[in-house]
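*Asks:* I need the structure of the sequence given here:
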Amino acid sequence: MIKVVLDTNIFISALFWKGAPHQIFKKVLRGAILNSISPQILEEIKERLLYKFKVPPEKVKEFLEIIVFNSEIVYPKKKLNIIKKDSSDNKILECALEAKASFVISGDKHLLEVKEYKGIKIISPKKFLSQI
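*Replies:* Numbers count the residues shown, from 1 in each chain. The predicted model follows:
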C-alpha cells in the first residue's frame, strides 16, 4: 500500500472543494492509500479551520476524528530545517520521514520546490493522481 503524508492544505481543500485533494482524501477513507499524520499537523489543521475558516468547533472536532481514525499517527523524533522560507512546513517532512512515506502531497510552493527529500517525493495532488 502507498504511504503518504497529506499537507494541511490538502485536508482543507478536501473539506471545502471537490478537486484532486478531495479525491485523494476519499482514497484515504476507503483505505486505498495510507495517510500518516503527526500531532503537529493535526494542530495546524485545527487552528486553520477554527481561526481562518471559522468552522464551528464541533465540526472541526468531527473532521479531526475522521482524519485520526483513518490515518497512522506518527511522532517525529527528528527536527528538520530544510524549508527556510516557511519553517512551519518542515513538520510535514518530519512526519513523512518518521512514517517512511513514499509521498508528500501538497499544494504548498515551498514544499513543492524541494521535489524530493531522502527518497520521499513531494508532489501536487493532480500529479499524484496521475501517477497511481
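
*Asks:* what does stretch 32-46 contact?
*Replies:* Identification of contacts with stretch 32-46 by C-beta atoms under 8 Å, 6 or more residues apart in numbering yields 1-8, 11-12, 24, 27-28, 60, 63-64, 67-68, 70-76, 88, 91-92, 94-96, 98-99, 101, 132. C-beta coordinates here come from the backbone N, C-alpha and C atoms, glycine included.

*Asks:* at 6 Å instead, please
*Replies:* By C-beta atoms under 6 Å, 6 or more residues apart in numbering, the list of residues contacting stretch 32-46 from outside reads 1-6, 8, 11, 27-28, 60, 64, 71-72, 74, 76, 91, 95, 99, 101.

*Asks:* Among those, name the buried ones.
*Replies:* Among the contacts of stretch 32-46, the ones that count as buried by 16 or more other C-beta atoms under 10 Å are 3-6, 8, 11, 27-28, 60, 64, 71, 74, 76, 91, 95, 99, 101.

*Asks:* Looking at those, which are in strands?
*Replies:* By the criterion of DSSP state E, membership of the buried ones among the contacts of stretch 32-46 in strands covers 3, 4, 5, 6, 71.
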